[in-house]
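Asks: Structural data only, the sequence is not supplied:
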């Protein structure tokens, strides 16, 4: 895809809090301009940032620097925030996640948290899932191939991540539709299609978190009675010994909030990587043909889809001390927002960055983060899901093509696709 020229853009044109822009397109041209002109740029205040100015970090170099700066940039909070903060542009109150949910904690608490939950996501554990994921993918495609058409997002791309994370957690089959609904409501609370009321996005988020936490609490009780071969059964009484010799375990609240993180991170991001990956192939038919002819390119194909799609647009940090980044003076307590799709299109790191190339190597993308302790826990699972899905699509529907307008999510944290009509030659179920 040809990216719009950044030559006629001015700083006053850029508002990364304007959700209507992201409902229409990802504004790659803004970030091309920022990488060239101001890779660390102070963004004007807006309602979408709690009325605060904040820093937009757009280059691979500086995104990576922040990731590897330890506690200088907090996932949790910063001076003057009374414990509020987190990874979104708007502050979450202290009782809603910062310091409690793994993605919004700093070491040493994050270290403890990660050691406790890591056992479900080791490469060995993920490899055990491959046969099951392939069988599930076959079942998903069997439902749509006889029709010759489907909504790729809701009927294909959303299904596999949902099944995978439900199996890892140990959610019963009859409850799995709840995960899809919760994920849509948390991520799409500012999109008319997914609003369930007029209470406002922040209240919708809080209500959904509460519903999920209550469910997680009940799931824990069920697993205490009947243990299974799943992550939730292991987490009930999991403990680890820290370097200082102390033995730690998860609190009930931490475990309940970890459930919400697993459902959202395990479902939403991979769903969009698969959906946007198919769009990339349809916009680059030469690469689709290349994939059909060279399935041995699976590993580089997956990494290029992740670089190209970068499903998480940004994570926010909060400066914990005065510092300098990219020649700009950052003040303690200020919001610093890292834009991963921009870092993944940085020509200084990726030659011919605006080309989709499934043989690209090296490919040190930051779709899972840019190093440091918060590197994505589920990266191996996401890679496996993408690999299996595109292997099976190549075998079952090699002529797949877009048959209607794509609909994007009105959201700037995740670069989401809601609907993608596709067509292909109808074939019987396998």
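Replies: Arrived safely, thanks for sending. Keep in mind the model is a prediction, meaning the values are calculated, not measured. Numbering: from 1, shown residues only.

Asks: Nearest spatial neighbour of the residue nearest the centre of the chain, chain-adjacent residues omitted?
Replies: In the chain, the C-alpha nearest the mean C-alpha coordinate belongs to residue 269, at 3.5 Å (C-alpha atoms, centre = their mean). Leaving out its chain neighbours, the residue that sits closest to residue 269 by C-beta to C-beta, 6 or more residues apart in numbering is residue 311, at 4.4 Å. (Each C-beta comes from the backbone N, C-alpha and C, glycine too.)

Asks: for residue 113, same thing?
Replies: Distances taken as C-beta to C-beta, 6+ apart place residue 102 nearest to residue 113, at 4.6 Å, with adjacent residues excluded.

Asks: was I right about residue 406 contacting residue 283?
Replies: No: here residue 406 does not reach residue 283: they are 10.8 Å apart, not a contact under C-beta atoms under 8 Å.

Asks: more crowded one of the two?
Replies: Ranked by neighbour count (other C-beta atoms under 10 Å), residue 406 and residue 283 place residue 406 first, with 17 against 13.

Asks: For that one, which non-adjacent residue is closest in space?
Replies: residue 420 (5.1 Å).

Asks: What is the burial count for that neighbour?
Replies: 25.

Asks: From residue 384, how far off is it?
Replies: 22 Å (C-beta to C-beta, to the nearest Å).

Asks: before we move on, what about residue 272?
Replies: Residue 272 is 16 Å from residue 384, by C-beta to C-beta.

Asks: The two: which has the busier surroundings?
Replies: residue 272 (25 against 22).

Asks: Can you tell me the element the more buried one falls in?
Replies: helix 252-283 (DSSP states H and E).

Asks: Which positions within that helix qualify as buried?
Replies: Neighbour-count burial for helix 252-283, counted by 16 or more other C-beta atoms under 10 Å, picks out 254-282.

Asks: what's the angle from the helix or strand following that helix to helix 252-283?
Replies: Next helix or strand after helix 252-283 toward the C-terminus (DSSP H and E): helix 285-293. Helix 285-293 runs at 110 degrees relative to helix 252-283, counting by axes from the mean of the first three to the mean of the last three C-alpha atoms, to 10 degrees.

Asks: need the contact list for residue 110.
Replies: Each residue near residue 110 by C-beta atoms under 8 Å, 6 or more residues apart in numbering is listed here: 75, 102, 373-374.

Asks: now do residue 298
Replies: Per C-beta under 8 Å, 6+ apart, neighbours of residue 298: 387, 390-391.

Asks: Most neighbours of all these, which one?
Replies: Across the contacts of residue 298, the neighbour count under other C-beta under 10 Å reaches its highest value at residue 390, namely 23 neighbours.

Asks: quick one: low-confidence parts of the protein?
Replies: Counting by pLDDT under 70, the chain contains low-confidence residues at 1-7, 189, 195-202.

Asks: coming back round to it: please convert the contacts of residue 298 to TSV, extending it with distance to residue 59 and secondary structure.
Replies: Formatted as TSV, those follow (distance: C-beta to C-beta, whole Å; DSSP: H, G, I helix; E, B strand; the rest coil):
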residue	distance to residue 59	secondary structure
387	29	helix
390	30	helix
391	34	helix
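
Asks: Adding distance to residue 187, write those residues out as JSON lines.
Replies: Converted to JSON lines, those look like this (distance: C-beta to C-beta, whole Å):
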{"residue": "387", "distance to residue 187": "24"}
{"residue": "390", "distance to residue 187": "23"}
{"residue": "391", "distance to residue 187": "27"}
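
Asks: Between those residues, which sits nearest residue 155?
Replies: residue 390 (16.2 Å; C-beta to C-beta).

Asks: That closest one: what's it in contact with?
Replies: Counting by C-beta under 8 Å, 6+ apart, residue 390 touches 274, 277, 291, 298, 301-302, 305.
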